[in-house]
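S.K.: sequence below, structure please.
(2 chains)
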Amino acid sequence: MTEPKDQSGTETLDRPLASPECGDQEYLIKRLLVLHQLSLTLQTQLNEESLLRIMLSGITAGEALGFNRALVFLLNEDKSELVGKLGVGPINAEECEHVWRSIADRGLTLSSFLEKFDQLKRYQTAELNVQTQAIRWKVGEEEDVFTQTLRDRTCYVVNPENVKLVPRPVAELLDAPEMVTAPLVVTGNFLGLVVADNKFSGRPITEEDIQLLSIVANQTAAALSHIRLIQELERFHAFLEDRIREALAEKERAQGEMIRHAKLATVGEMAVTIAHEIRNPLTSVRGFAQRLFKKQGDPETVQAYSEIIVQEVDRLNHVLGDVLDFARNVDTRFAPVDINEIVQKAVVLLSERLGKSNILCETTLDPKMPICHYDGPQLSQVLINLMKNGAEAMKEGGVLEVRTLAEEGACVVRVSDTGSGIPPGQLERIFEPFYSTKTKGTGLGLAFARRVIEEHGGRIEVESEIDRGTTFRVTLPLRLEAPKIDAVIESMGQAQPLVDRQDPLLAPAKRGRRRRAKGVDDGQDSGSR
Amino acid sequence: MAKILVVDDEPNIRRLFRDELEEEGHKIEQAGDGAEALAEVERTNCDLVILDLRMPEMNGLEFLEKIRERRPGLPVIVCTAVRGVESDYELWSSHVSAILSKPVDLELLKTEIDKVLAEAER
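M.R.: Residues are numbered from 1 along each chain as shown, chains lettered A, B, ... in the order given. Presented below is the predicted three-dimensional model:
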């Protein structure tokens, strides 16, 4: 029959903590210090394997508990089996002598031994460890000492009389006349157990040894439970992170889908308008070429038809230019710009053309215009489009007025003409891509303007009166600092970019964009009225 | 020979059809959008309409809807740059006589006109 021992580390010891071999006071203090150090080391472990290793090292170190060998078994997940986790100590007397001599030769104390233990990797491949890890023992099936330790949560000493109570694989591995078990218990939960023996020294296992083993086992169990809690928290944290990542990915996917749908709609509209804009001139070219053949003897008609063909081919080329222009400017880049300077440059660029058309350009610049983060080259193109639009509405000449205004929280640019005006029914459609009220043009000039302004988070408005003129008003929000990426993405979403950044169409466009950034592109006629 | 109304917002296309069809002996009237075309149909009492679909003001489909109330049997040949956008079903249900795709072959246009006029006479 095994003898249950009280394993509570918190109860006072029922006899003085003195080594039978050494009653020396100094030795006792030294040993207590070592145990204290071991206890601290156990409490600070964050890794299960190193915790178990340090525990067994402490149990087997001569300075500490001084057992010859120690094995640790942990309960598996469904608590049905004890699984061998680690075994420390020599497999036989020769190895025992070798290990302890080498430790003594190196002058290792417990603390340095614990530190160096990592480097002494041989424990991993040591015969005892390898064989320990091969052991799995079903608990609760027999009245063995492992099951008793687990059930009673207490230490058991095995002596030659009851050695048959030791699980067979453990008995075969240790083959010792005496051994002791200690449960790893924390707040009533059984996590595993430790087995230790003194086979090679033959030193009897004392009451004090059992008490100390129990204390070390309790501390190890507390630390193990602590490590497992942390691991659980980490797993939960990782789980939450995964869920968040999945949710974000889903949101991104949904957004991408939305943008793709919007883009398809725009692309569909674009395809229809481009088809219209190309097939109409082609109808003329084809038809007049067909007729030209029949009219060879009629030089006047031949000339008229040839002129129409040239004119329509130019128009086709122009359509293509507009489309490329529109596709090109998708990459909005914000940098500090002076709106007044942009206006001045645009006026200089268009002055010759305006002069020829008998148009007077009046510029009023607000000196209080702040420097803001806008896309300068794109705003230049917007302004040029608006001014050309105005000029085209004044076939008989007139006044084109460009004015900048620093309003509260906004930069405003107004472009007014004294031209023919836009009929009320067409006003709401002029910003639609490919909508044009002119006989020429693809209707992309104002669509481009609106897109750029919306990408800036601003708005473009129009007022018009037939035969009195038209005023475009561009309102840009103040951007005194570089825009945050979220704001840019948001404004892009609203503007529904025609071509996204991965689009193959964009490759040549990007080159064009860079070229444009160097100076204001005077562009071709890209107005939309 | 017939009185034909050419409806298209492209002046060059109107001229092309006029020049070609006048040589065939037809009398050609022109309109630049659906609203103008309605007025011309009233005014000229034409025999046939050649109709573009995408036009400002009143587009071809709106014109078709209105003309079916006023002249249900008037033959219409649709000439469109974007076949399939306005569904053919919609067009045929407006009793169009033919649908031609731009760029139109002038010989094909004349063949269709002859066919439609011959059918109308029966």
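S.K.: so which residues of the stretch 101-250 of chain A form helices?
M.R.: Using DSSP state H, counting those that start in this stretch, the helices of the stretch 101-250 of chain A run over residues A:110-116, A:122-125, A:127-133, A:145-152, A:168-174, A:207-294.
S.K.: if you average the pLDDT over the third one, what comes out?
M.R.: Averaging pLDDT along helix A:127-133 gives 88.
S.K.: cool, and stretch A:32-41?
M.R.: The pLDDT scores in stretch A:32-41 average 80.
S.K.: and residue 46, what are its phi and psi?
M.R.: Just so you know, I chose chain A. Backbone torsions for A:L46, taken as degrees, to the nearest 10, come to phi -120, psi 0.
S.K.: looking at chain B here, not the other one
M.R.: Main-chain torsions, B:C46, degrees, to the nearest 10: phi -80, psi 170.
S.K.: where does it land on pLDDT?
M.R.: pLDDT at B:C46 comes out at 93.
S.K.: quick one on the thing from earlier: tell me which of the helices of the stretch 101-250 of chain A sits most buried.
M.R.: Ranked by mean neighbour count, these are led by helix A:145-152 with a mean of 20 (mean count of other CB atoms under 10 Å in any protein chain shown). All C-beta atoms are positioned from the backbone trio N, CA, C, and that covers glycine.
S.K.: contact partners of it?
M.R.: With CB atoms under 8 Å, 6 or more residues apart in numbering or on different chains as the test, helix A:145-152 has contacts from A:2, A:4, A:73, A:75, A:82, A:137, A:139-141, A:155-156, A:158, A:162, A:165-167, A:170, A:181-183, A:190, A:193.
S.K.: which of these are buried?
M.R.: Buried members of the contacts of helix A:145-152, counted by 16 or more other CB atoms under 10 Å in any protein chain shown: A:2, A:73, A:75, A:82, A:137, A:139, A:155-156, A:158, A:165-167, A:170, A:181-183, A:190, A:193.
S.K.: still on that earlier bit, make CSV from the helices of the stretch 101-250 of chain A and add distance to A:T471 to it.
M.R.: CSV is the format used below for these (distance: least, CB to CB, whole Å):
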stretch, distance to A:T471
helix A:110-116, 82
helix A:122-125, 84
helix A:127-133, 86
helix A:145-152, 90
helix A:168-174, 95
helix A:207-294, 27
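S.K.: how near is A:I342 to A:P377?
M.R.: Distance of A:I342 to A:P377, given as CB to CB, to the nearest Å: 9 Å.
S.K.: number of nearby residues for residue 48?
M.R.: Chain wasn't specified; assuming chain A. Neighbours of A:E48 under the rule other CB atoms under 10 Å in any protein chain shown: 15.
S.K.: other chain: chain B
M.R.: 22.
S.K.: dig out what it forms beta bridges with.
M.R.: Here B:L48 sits in beta bridges with B:I4, as judged by DSSP bridges.
S.K.: where's it relative to chain A, distance?
M.R.: According to CB to the nearest CB, to the nearest Å, B:L48 and chain A sit 18 Å apart.
S.K.: mind checking what secondary structure A:E481 has?
M.R.: At A:E481 the chain is in coil, as set by DSSP: H, G, I helix; E, B strand; the rest coil.
S.K.: can you list the domains in chain A?
M.R.: As assigned by automatic domain parsing, chain A contains the domains A:19-233, A:329-529.
S.K.: B:L53 is in contact with B:S101, correct?
M.R.: No. In this structure, B:S101 is not within contact of B:L53 by CB atoms under 8 Å, at 11.1 Å.
S.K.: shared neighbours of these two, anything?
M.R.: B:T80.
S.K.: just want to know which of those two has more residues nearby.
M.R.: Taking other CB under 10 Å, B:S101 and B:L53 do not tie; B:L53 has more neighbours (25 against 16).
S.K.: what about that one, which SS state?
M.R.: Following three-state DSSP, we place B:L53 in the coil state.
S.K.: near chain A, which residues of chain B are found?
M.R.: Within chain B, the positions near chain A by CB under 8 Å from any CB of the partner chain are B:9-13, B:15-17, B:19-20, B:54, B:56-57, B:79, B:81-82, B:85, B:101-107.
S.K.: quick one, strands of chain B?
M.R.: For chain B, the strands defined by DSSP state E cover B:3-7, B:27-31, B:48-51, B:76-80, B:98-101.
S.K.: run through who's touching the first one.
M.R.: Residues outside strand B:3-7 that contact it (CB under 8 Å, 6+ apart) are B:13-14, B:17-18, B:21, B:26-34, B:36-37, B:40-41, B:44-52, B:55, B:60, B:63, B:113.
S.K.: likewise for the third one?
M.R.: Contact with strand B:48-51 is made by B:2-8, B:17, B:37, B:41, B:60, B:63-64, B:67, B:74-79, B:96, B:109, B:113, B:116-117, B:120, as judged by CB under 8 Å, 6+ apart.
S.K.: can you give me how far that strand is from the chain middle?
M.R.: Offset of strand B:48-51 from its chain centre (CA atoms, centre = their mean, to the nearest Å): 2 Å.
S.K.: also the last one?
M.R.: Here strand B:98-101 is found 10 Å from its chain centre; the criterion is CA atoms, centre = their mean.
S.K.: how about stretch A:298-306?
M.R.: Distance, stretch centre to chain centre, for stretch A:298-306: 68 Å (CA atoms, centre = their mean).
S.K.: could you find the closest non-adjacent residue to the residue of chain A found nearest chain B?
M.R.: The minimum distance from chain A to chain B, using CB to the nearest CB, falls at A:R279 (3.6 Å). Excluding its sequence neighbours, the residue lying closest to A:R279 (CB to CB, 6 or more residues apart in numbering or on different chains) is B:A81, at 3.6 Å.
S.K.: residues contacting the one you found?
M.R.: Contacts for B:A81 (CB under 8 Å, 6+ apart) come out as A:A275, A:H276, A:I278, A:R279, A:N280, A:T283, B:D52, B:R54, B:S101, B:K102.
S.K.: among the contacts of strand B:3-7, which ones are buried?
M.R.: Buried among the contacts of strand B:3-7 (16+ other CB under 10 Å): B:13-14, B:17-18, B:21, B:26, B:28-34, B:36-37, B:40-41, B:46-52, B:55, B:60, B:63, B:113.
S.K.: could you export the strands of chain B as TSV, including distance to A:C411?
M.R.: As requested, the strands of chain B are exported to TSV (distance: least, CB to CB, whole Å):
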stretch	distance to A:C411
strand B:3-7	46
strand B:27-31	46
strand B:48-51	48
strand B:76-80	45
strand B:98-101	48
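S.K.: residue in chain B nearest to chain A?
M.R.: Proximity to chain A, evaluated over chain B using CB to the nearest CB, is greatest for B:A81 at 3.6 Å.
S.K.: quick check: that residue vs A:H318, distance?
M.R.: 17 Å.
S.K.: before we move on, the earlier item: quick check, nearest of the contacts of B:A81 to A:P177?
M.R.: Closest to A:P177 out of the contacts of B:A81 is A:A275 (98.8 Å), distances taken as CB to CB.
S.K.: these two touch, right, that closest one and B:V82?
M.R.: Yes. In this structure, A:A275 is within contact of B:V82 by CB under 8 Å, at 4.8 Å.
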